[in-house]
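Asks: pasted the sequence and its predicted model underneath.
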Amino acid sequence: MSEKRRVTLKDIALALNISPSTVSRALNGYHSISDDTVRQVKEYAEKHNYVPNTLAVNFRKNRTSLIGLVVPHIVHHFFSTTISGVIETAKKHGYHVLVSQSEDLKSGEIFACRTLLGIGVDGLLISVSNETFEADHLQDFLDEGKPVVQFDKITDHILSPKVVVDDFNGAYQAVKNLIQNGYRKIAHLSGRLEVKNAEGRFLGYKKALEDHGLEFREEWVKNCWEIVEAEGFDFTKELMESPNQPDAIFCITDLVALGAMKYLKSVGHEVPGKVGLMGFSNWMLSEYISPSLSSVDQHGFQMGQEAAEILIKLIKKHELGEEELLEMKTELVIRDSSQK
């Protein structure tokens, strides 16, 4: 027997001249197996680095103890924290997580979902891409009896539990803070308004202006397509070179806000002196840049935990779940960039 090949139950049984079922019972602590046999089996298994084929066992039981997780970007701070929350919760329940990223593309999302479905995951957690406006690839999981739980970025094209943050109120409180600090001409670097979390933040921004008697100007709203730093830089340049400059900018994410700050600093505009700045998502980096960035904390770790708990409960109960929405509260984190 080659030592490079993975040792199986049959290999141990053949070496010790006993049946594979006896080996299995010995390794799993069945009382019907003699102490001497248990000792021999365990010694041989340890010496030859035997590793149980968990997947094979679970496939026979029609489960894999695997959860699929698809996010737009793994390196994004918010999603990295949600991934950590999912993994911690899954581990607590004896599940493993297979993580994939869509790169915020529908094609990438479909490829990831089909791969995970082919592997045989027991259920799926997903934050959909900005391009996802139909969900046949998600319905495929439900058609095979595998639950799907959406979080953060969601679509209404399938019936499934959803875990989101209160984007509207988070944005409202962020803009309200800018107003309370004396800013009156507040622009918004938004996302695509057909994406639900971007829509919620835009509506919260607009409502805060309305409730405080401030002007809403369409030319002060710029829609980021990719939600990247370069868009923050370019749109802020566009705003500050316009005849009617804003005196504050509320950004869809901290990454976009960092781009805005980079432009403002490059032309000598003081933050928060000339322009106030507010982000959304509370990246770890936001605390350490200068000036530090005010932001809205989405509590990504807790969101990952909640989404995983819901999915695992459904898997264990052999249910697909109903159309329900768990909305988590945000928290305003005030730093230097919004304080005149």
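Replies: Yep, it's here. Keep in mind that what you see is a predicted model, and the values were worked out from it rather than measured. Numbering: from 1, shown residues only.

Asks: now the strands: where do they sit in this protein?
Replies: 66-71, 96-101, 123-126, 148-151, 162-165, 186-190, 221-223, 248-251, 276-278, 295-297, 325-328, 331-333 (DSSP state E).

Asks: mean neighbour count, those strands: which tops it?
Replies: With neighbours taken as mean count of other C-beta atoms under 10 Å, the strands of the chain reach their highest mean count in strand 248-251, at a mean of 31. Using the backbone N, CA and C atoms, a C-beta is placed for each residue, glycine as well.

Asks: got a list of contacts for that strand?
Replies: With contacts defined as C-beta atoms under 8 Å, 6 or more residues apart in numbering, strand 248-251 is touched by 171, 174-175, 178, 183, 185-189, 205, 232, 236, 239, 257, 260, 275-280, 338.

Asks: what bridges to Val221?
Replies: Taking DSSP bridges as the rule, Val221 bridges to His188.

Asks: could you pull up the residues touching it?
Replies: Val221 makes contact with 187-188, 190, 202, according to C-beta under 8 Å, 6+ apart.

Asks: mind putting these into CSV with distance to Ile18 and pLDDT?
Replies: Converted to CSV, the contacts of Val221 look like this (distance: C-beta to C-beta, whole Å; pLDDT from 0 to 100):
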residue, distance to Ile18, pLDDT
Ala187, 76, 98
His188, 72, 98
Ser190, 68, 98
Phe202, 69, 98
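
Asks: which of those residues sits closest to Glu270?
Replies: Among the contacts of Val221, Ala187 lies closest to Glu270 (C-beta to C-beta), at 16.8 Å.

Asks: the closest one is in contact with Leu239, isn't it?
Replies: Yes - taking C-beta atoms under 8 Å as the definition, Ala187 is a contact partner of Leu239 at 5.4 Å.

Asks: quick check: neighbours shared by those two?
Replies: Listed as contacting both Ala187 and Leu239 by C-beta under 8 Å, 6+ apart are 220, 222, 246, 249.

Asks: and which of those is nearest to Leu311?
Replies: Within those, the smallest distance to Leu311 is 36.0 Å, found for Lys222 (C-beta to C-beta).

Asks: now do the same contact list for the residue nearest to that closest one when sequence neighbours are not counted.
Replies: Sequence neighbours aside, Phe235 is the residue nearest to Lys222 in space, at 4.0 Å (criterion: C-beta to C-beta, 6 or more residues apart in numbering). For Phe235, the contact set (C-beta under 8 Å, 6+ apart) comprises 189, 222, 224, 260.

Asks: likewise Leu98?
Replies: Under the criterion of C-beta under 8 Å, 6+ apart, the neighbours of Leu98 are 66-69, 116, 119, 121.

Asks: same list (these) but as JSON lines, adding distance to Lys92 and pLDDT.
Replies: Formatted as JSON lines, the contacts of Leu98 follow (distance: C-beta to C-beta, whole Å; pLDDT from 0 to 100):
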{"residue": "Leu66", "distance to Lys92": "15", "pLDDT": "94"}
{"residue": "Ile67", "distance to Lys92": "12", "pLDDT": "97"}
{"residue": "Gly68", "distance to Lys92": "18", "pLDDT": "98"}
{"residue": "Leu69", "distance to Lys92": "15", "pLDDT": "98"}
{"residue": "Leu116", "distance to Lys92": "21", "pLDDT": "95"}
{"residue": "Ile119", "distance to Lys92": "22", "pLDDT": "89"}
{"residue": "Val121", "distance to Lys92": "18", "pLDDT": "94"}
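
Asks: now, which of those residues sits nearest Leu209?
Replies: Nearest member of those to Leu209, counting by C-beta to C-beta, is Leu69, at 37.1 Å.
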